[in-house]
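J.: Coordinates for the following, if possible.
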Amino acid sequence: MRIEQVQWEGGDAALQAKRVRGLAAVPTVAAADAARIVEEVRARGDHGLRLMIARLDATDVRPGDIRIRVPAEEVARARSEADPALIGALEVAARNIDGVARAELRAHGEVRASLAQGQTVSVVERPVRRAGVYAPGGKAAYPSSVLMGCIPARVAGVASVALATPPGSDGNVHPATLAACAVANVDEVYAIGGAQAIAALAYGTETVAPVDVIAGPGNRYVNAAKRMVFGDVGVDGIAGPSELAVVLDATADASAIALDLLAQAEHGPDGLLVAISADGGALGALADALGELDPRPPRMDDAIMAAVHVPDPAAAIELADAIAPEHLELALAGADETLAADRVAGAVFFGPSGAVAFGDYVAGANHVLPTGGAARFGGPLGVGTFRRRTSVVDVGPQAAAGLAPRVAAIARAEGFEVHAQSAEARSAE
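T.: Reported below is the predicted structural model:
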């Protein structure tokens with residue numbers, strides 16, 4: 001791992017955050033390629049989809065022999081044949097994710113207001129009819145992403161949940177991913193990856209029925225395709241490379257923090273890694289710990305970490321908020337839930353045991369989080385992604401009589417005469 005030493009004396013935190021983010025690799029633009037893939041699947045259905053799977057999903061299966069949907073009995077068998085320790089861990093994670101999602105669902109509720117003129121306005125939430133979840137795959141398996149996407153959809157009340165994930169070279173989905181699908185009670189599993197999976201879920205083919213919302217993490221082609229289909233379907237967000245910022249002081253365990261940073265580098269060398277401290281000694285100890293943690297996968301050597309020395313602890317927190325990272329660890333003396341709750345980040349971990357890895361897998365928090373600074377306005381994947389809101393308006397005769405003159409005044413000021421007449425016709429009844 002290469003460490004870039006950065007000195008910040010305070011001042012414009014937003015500008016310094018931009019500079020720190022600029023140290024990370026810029027993701028390759030994939031919009032044009034994704035557009036061609038989406039159009040191929042949209043126009044040619046299963047035939048186009050099989051051609052894209054054969055070309056892009058690293059499968060050795062001939063297009064005519066490609067199996068798009070994984071049979072339900074194969075999903076069930078994967079659970080029964082999997083390592084019991086894996087199933088036990090997935091079930092613990094599933095229960096915890098379910099618990100957080102149900103708490104979130106209870107907090108939403110229904111809004112009902114009775115207003116002065118006699119009308120009532122309710123804002124109700126209902127689940128979408130059908131949801132699609134994308135889980136990365138292919139050469140590796142990500143059963144945790146299956147749980148993180150599908151369980152909130154189930155808790156939200158979605159009637160039908162479909163999962164798409166890339167197949168391996170033999171055209172089959174990894175057994176660990178299928179086992180997670182069984183644990184999460186997924187209705188349909190499709191062996192499709194990349195932009196072609198997003199296109200199939202959004203527009204449907206002869207085999208894949210279209211969905212209302214698409215959620216889940218993916219590579220740059222997945223995210224480019226999600227941008228293209230948004231509006232035809234809902235999407236949870238546009239995720240980029242993984243991010244971790246750590247605010248630390250002399251009390252931090254440098255070796256543990258080094259492992260946390262390298263764990264994020266396991267996702268690839270293009271993520272954002274930042275360590276911020278007012279204590280130069282703490283940053284030096286962290287650099288030493290990173291250098292001692294060998295052996296490690298070669299791609300971690302390509303990762304870049306910004307080590308930012310700031311004038312005081314308050315400046316460290318200010319800069320972390322300006323960066324608005326996907327993950328934030330507060331390895332500080334006295335860090336508590338109050339300090340964590342006020343931060344601008346997708347997920348915040350604090351205290352000596354607060355490793356991001358717990359949130360990635362089993363703590364119950366969702367690991368599908370905003371990146372690229374989107375934590376300024378977004379948050380974790382949750383039940384709200386899979387629920388739609390509707391206003392229900394009850395305007396009785398008394399309310400109509402009282403409101404019609406106001407409607408007419410505003411409508412005529414805007415040049416909409418018929419709007420005014422429409423309201424006045426009700427008040428005359």
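J.: what ranges do the helices span in the stretch 201-350 of the chain?
T.: Here the stretch 201-350 of the chain has its helices, by DSSP state H, counting those that start in this stretch, at 220-229, 254-265, 280-292, 313-323, 337-341.
J.: would a markdown table of those helices with distance to residue 132, mean pLDDT and mean neighbour count be doable?
T.: (Glycine included, C-beta is placed from N, CA and C.) Shown next, in a markdown table, are those (distance: least, Cβ to Cβ, whole Å; pLDDT from 0 to 100; neighbours: other Cβ atoms under 10 Å):
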| stretch | distance to residue 132 | mean pLDDT | mean neighbour count |
| --- | --- | --- | --- |
| helix 220-229 | 10 | 94 | 23 |
| helix 254-265 | 27 | 94 | 20 |
| helix 280-292 | 39 | 94 | 17 |
| helix 313-323 | 31 | 97 | 21 |
| helix 337-341 | 32 | 95 | 12 |
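J.: As TSV, the ones you listed with distance to residue 73 would be great.
T.: Shown next, in TSV, are the helices of the stretch 201-350 of the chain (distance: least, Cβ to Cβ, whole Å):
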stretch	distance to residue 73
helix 220-229	28
helix 254-265	36
helix 280-292	47
helix 313-323	47
helix 337-341	45
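J.: List the neighbouring strands of the lowest-mean-pLDDT helix or strand in the chain plus their orientation.
T.: Here the helix or strand of the chain ranked lowest by mean pLDDT, DSSP states H and E is strand 111-114, holding a mean of 86. Here strand 111-114 has these sheet partners by DSSP bridges: strand 120-127 (antiparallel).
J.: Sheet-wise, list the partners of whichever helix or strand comes after the strand it pairs with with their directions.
T.: Counting by DSSP states H and E, the next helix or strand C-terminal to strand 120-127 is strand 130-134. Strands adjacent to strand 130-134 in the sheet, as given by DSSP bridges, are strand 160-165 (parallel), strand 213-215 (parallel).
J.: Identify the residues contacting the first one?
T.: For strand 160-165, the external contacting residues (Cβ atoms under 8 Å, 6 or more residues apart in numbering) are 129-137, 142, 146, 149-150, 153-154, 173, 177, 181, 184-193, 197-198, 200-201, 208-209, 211.
J.: In this structure residue 74 contacts residue 177, no?
T.: No: with contact defined as Cβ atoms under 8 Å, residue 74 does not count as touching residue 177 (11.4 Å).
J.: in what helix or strand does the residue nearest the centre of the chain lie?
T.: Centroid-nearest residue in the chain, with Cα atoms, centre = their mean: residue 368, separated by 3.1 Å. Residue 368 belongs to no helix or strand when assigned by DSSP H and E.
J.: can you pull the contacts of it?
T.: Per Cβ under 8 Å, 6+ apart, neighbours of residue 368: 145, 148, 149, 215, 216, 217, 236, 237, 239, 380, 381.
J.: State the distance from it to residue 78.
T.: Counting by Cβ to Cβ, to the nearest Å, the gap from residue 368 to residue 78 is 23 Å.
J.: ok, back up a step: how about the strands paired with strand 130-134 in a markdown table, adding distance to residue 287, mean neighbour count and mean pLDDT?
T.: Below are these laid out as a markdown table (distance: least, Cβ to Cβ, whole Å; neighbours: other Cβ atoms under 10 Å; pLDDT from 0 to 100):
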| stretch | distance to residue 287 | mean neighbour count | mean pLDDT |
| --- | --- | --- | --- |
| strand 160-165 | 38 | 26 | 98 |
| strand 213-215 | 38 | 26 | 98 |
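J.: Please work out how many residues are found near residue 348.
T.: For residue 348, the count of nearby residues is 24 (other Cβ atoms under 10 Å).
J.: Pretty sure it sits against residue 331.
T.: No: look at residue 348 against residue 331 with Cβ under 8 Å: they stay out of range, at 11.7 Å.
J.: Can you tell me the SS state at residue 41?
T.: helix (DSSP: H, G, I helix; E, B strand; the rest coil).
J.: wait, isn't it in contact with residue 204?
T.: No: contact between residue 41 and residue 204 fails when scored by Cβ under 8 Å: they sit 9.5 Å apart.
J.: Please compare those two by neighbour count and tell me which comes out ahead.
T.: Set residue 41 next to residue 204 and count neighbours by other Cβ under 10 Å: residue 41 wins out with 30 against 15.
J.: For residue 258, which non-adjacent residue is spatially closest?
T.: Leaving out its chain neighbours, the residue that sits closest to residue 258 by Cβ to Cβ, 6 or more residues apart in numbering is residue 289, at 3.8 Å.
J.: residues in contact with the one you found?
T.: So residue 289 contacts 254, 255, 257, 258 (Cβ under 8 Å, 6+ apart).
J.: can you check residue 12 too?
T.: For residue 12, the contact set (Cβ under 8 Å, 6+ apart) is empty.
J.: so who does residue 49 touch?
T.: Contacts of residue 49 (Cβ under 8 Å, 6+ apart): 41, 68, 192, 196, 199, 200, 205, 207, 208.
J.: rerun at 7 Å
T.: Residue 49 sits next to 41, 68, 192, 196, 200, 205 when contact means Cβ atoms under 7 Å, 6 or more residues apart in numbering.
J.: Assess the claim that the fifth one and residue 206 are in contact.
T.: When you say that, I think you mean residue 200. No: if you go by Cβ atoms under 7 Å, residue 200 and residue 206 don't touch, sitting 10.3 Å apart.
J.: More neighbours: these two, which one.
T.: Neighbour totals were compared for residue 200 and residue 206, and residue 200 leads with 30 against 10 (other Cβ under 10 Å).
J.: quick one: residue 388 is in a strand?
T.: Yes: assessed by three-state DSSP, residue 388 belongs to a strand.
J.: how long is stretch 132-139 end to end?
T.: 22 Å (Cα to Cα, to the nearest Å).
J.: model confidence over it, on average?
T.: Stretch 132-139 carries an average pLDDT of 91.
J.: what does it contact?
T.: 57-58, 142, 145-146, 149-150, 153, 161-166, 168, 173-174, 177, 193, 197-198, 201, 211, 214-218, 222.
J.: Just the buried ones among those, please.
T.: Of the members of those, the ones counted as buried by neighbours, 16 or more other Cβ atoms under 10 Å, are 57, 142, 145-146, 149-150, 153, 161-166, 168, 173-174, 177, 193, 197-198, 201, 211, 214-218, 222.
J.: helix or strand right after the helix or strand containing residue 32?
T.: For residue 32, the enclosing helix or strand under DSSP H and E is helix 31-56. Moving toward the C-terminus from helix 31-56, the next helix or strand (DSSP H and E) is strand 69-70.
J.: in its sheet, what does that next one sit against?
T.: Partners of strand 69-70 in the sheet, by DSSP bridges, are strand 188-191 (antiparallel).
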